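Undergrad: Need coordinates for the below:
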Amino acid sequence: MPSDYLMTMDVAEASNAIKTLGYANEQVVCWMYTEQADNTTPFFRLIGPGGHFYTASEAEEQSLIEDGA
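TA: This is a model prediction of the structure:
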């Protein structure tokens, strides 16, 4: 079983993660827009050696990318 969480809006990705990668179906944990909407905060997902990392900070996302995350 993975040691992180996978949040996705892609049904096929979620199904694959549950069936083949050992993720648990935690159901809906939040609602997201597919594109940036007025008065919302962007949400970034990075995938690295340690698993998935989520942040609402663009600066943190860029720093992790620069560090090779």
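
Undergrad: And for Met1, the neighbour number?
TA: Close neighbours of Met1, defined as other C-beta atoms under 10 Å, add up to 6. (C-beta placed from N, C-alpha, C; glycine too.)

Undergrad: same question, Glu26
TA: Residues lying near Glu26 (other C-beta under 10 Å) number 11.

Undergrad: Make sure it is actually in contact with Tyr5.
TA: Yes: counting by C-beta atoms under 8 Å, Glu26 touches Tyr5, with 7.1 Å between them.

Undergrad: Do you have the strands of this structure handy? List them.
TA: Assigned by DSSP state E, the strands in the chain fall at 44-48, 51-55.

Undergrad: Out of these, the one nearest Val11 is which?
TA: Closest approach to Val11 among the strands of the chain (C-beta to C-beta): strand 44-48, 16.1 Å.

Undergrad: which strands and helices sit next to the closest one?
TA: On a contact count with 3 or more C-beta pairs under 8 Å, 6 or more residues apart in numbering; DSSP states H and E, strand 44-48 meets strand 51-55, helix 58-66.

Undergrad: partners of that strand in the sheet?
TA: Note on strand 44-48: by DSSP bridges, its sheet partners are strand 51-55 (antiparallel).
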